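Peer 1: structure of the sequence below:
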Amino acid sequence: MSWLVLLLILYVIWDVNYFIRCVFTVFAGKLFQRKRKVTDTTTIYGLCTSQDVDIFIRHMNNARYLRELDFARFHFYALTGLYERIREQRGGAVQGASSVRYRRTIPIFHPYKIQTKLIWWDDKAIYLEQQFVTLSDGFVRAIAMSKQSITNCNVLDILKKYPEAKQRPEMPTELKLWLDAIELSSQKLRKEK
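Peer 2: You can find the predicted model right below:
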C-alpha cells in the first residue's frame, strides 16, 4: 500500500506522462523508423485530446504546442543521430530561444503531425523549423523556429561529419530577422544591468 501512495505522490509531483511520452517517442522512432539524414524532415503524429485543450475545451492550449515541439525535437535528434554525436563530444543541447506563429487553432480530437527540419546552423547552435499540420486538411496551423544552443562543442565540426551537411545553406530571411530581434532584446537587457 505504501508503494501505491509513493507512486501517486511521484505522479502528482512530476509530470510522469511527459517522461513516458519522451521515452516512447525516442524509442519508437529508433525501433520502427529508418535513420534520417540530418537535413531530412522528420515527422511525429499527435491528437489534440482533452488534456491538451484550453479553458473553453475547444482547441489546443498554447502551452501544449511548446510541449509537443519538445517531443518532435527529441524525435529529430534520435532519428538523425545528432544528439549522440553531440554527446560523443561531451556536449549538450538546450533550448536557447523559440518563436511560434499561430495561424489557426487545432480543434479538440483532431489529429495532426509535426514536421521538424534543420534550416541553418552556426558554431554554437542549430536552428529548427517545426510545423503543426492538421491531417484532415493539410493546413499548417502553427509554425515555430527554435534555436538549440549546443554546449561544450563546435556545431560546425559536428555537422561536417554528415556528408549532406558539408555545405551550410544560406540563412533564411525570416531566421535572420528573428535572430536580429533576439540580439536587440539582448542588448537592451545588457544595458539594464
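Peer 1: only C-alpha atoms from now on, for both contacts and neighbour counts.
Peer 2: Fine.
Peer 1: ok, the nearest residue to residue 130 once chain neighbours are set aside - contacts?
Peer 2: Of all residues not flanking residue 130 in the chain, residue 116 sits nearest, at 4.5 Å (C-alpha to C-alpha, 6 or more residues apart in numbering). By C-alpha atoms under 8 Å, 6 or more residues apart in numbering, the residues touching residue 116 are 41-43, 72-73, 76, 128-131.
Peer 1: buried subset of those residues?
Peer 2: Restricting the contacts of residue 116 to buried positions leaves 41-43, 72-73, 76, 128-131, with burial counted as 16 or more other C-alpha atoms under 10 Å.
Peer 1: let me know the closest of those to residue 21.
Peer 2: Closest approach to residue 21 among the buried ones among the contacts of residue 116 (C-alpha to C-alpha): residue 72, at 10.9 Å.
Peer 1: give me phi/psi at the closest residue to the closest one other than its chain neighbours?
Peer 2: Leaving aside its chain neighbours, residue 72 sits nearest to residue 44 (6.2 Å; criterion: C-alpha to C-alpha, 6+ apart). Phi and psi for residue 44, reported as degrees, to the nearest 10, are phi -120, psi 160.
Peer 1: surely residue 44 meets residue 111?
Peer 2: No: when contacts are counted by C-alpha atoms under 8 Å, residue 44 is not listed as touching residue 111 (10.9 Å).
Peer 1: looking at these two, which has the bigger crowd around it?
Peer 2: Taking other C-alpha atoms under 10 Å, residue 44 and residue 111 do not tie; residue 44 has more neighbours (19 against 16).
Peer 1: beta-bridge partners for residue 130, please?
Peer 2: residue 116, residue 144 (DSSP bridges).
Peer 1: that one contacts residue 70, correct?
Peer 2: No: at 10.4 Å, residue 130 and residue 70 do not qualify as touching, with contact defined as C-alpha under 8 Å.
Peer 1: and residue 169, that one's in a strand?
Peer 2: No: per DSSP: H, G, I helix; E, B strand; the rest coil, residue 169 lies outside any strand segment and is coil.
Peer 1: just give me the closest of the contacts of residue 116 to residue 168.
Peer 2: residue 128 (13.7 Å).
Peer 1: tell me the SS of the closest one?
Peer 2: Three-state assignment for residue 128 (three-state DSSP): strand.
Peer 1: how about the nearest residue to it, chain neighbours excluded?
Peer 2: Residue 128 sits nearest to residue 118 (C-alpha to C-alpha, 6+ apart), 4.6 Å away.
Peer 1: A strand includes that neighbour, no?
Peer 2: Yes: Residue 118 forms part of a strand when assessed by three-state DSSP.
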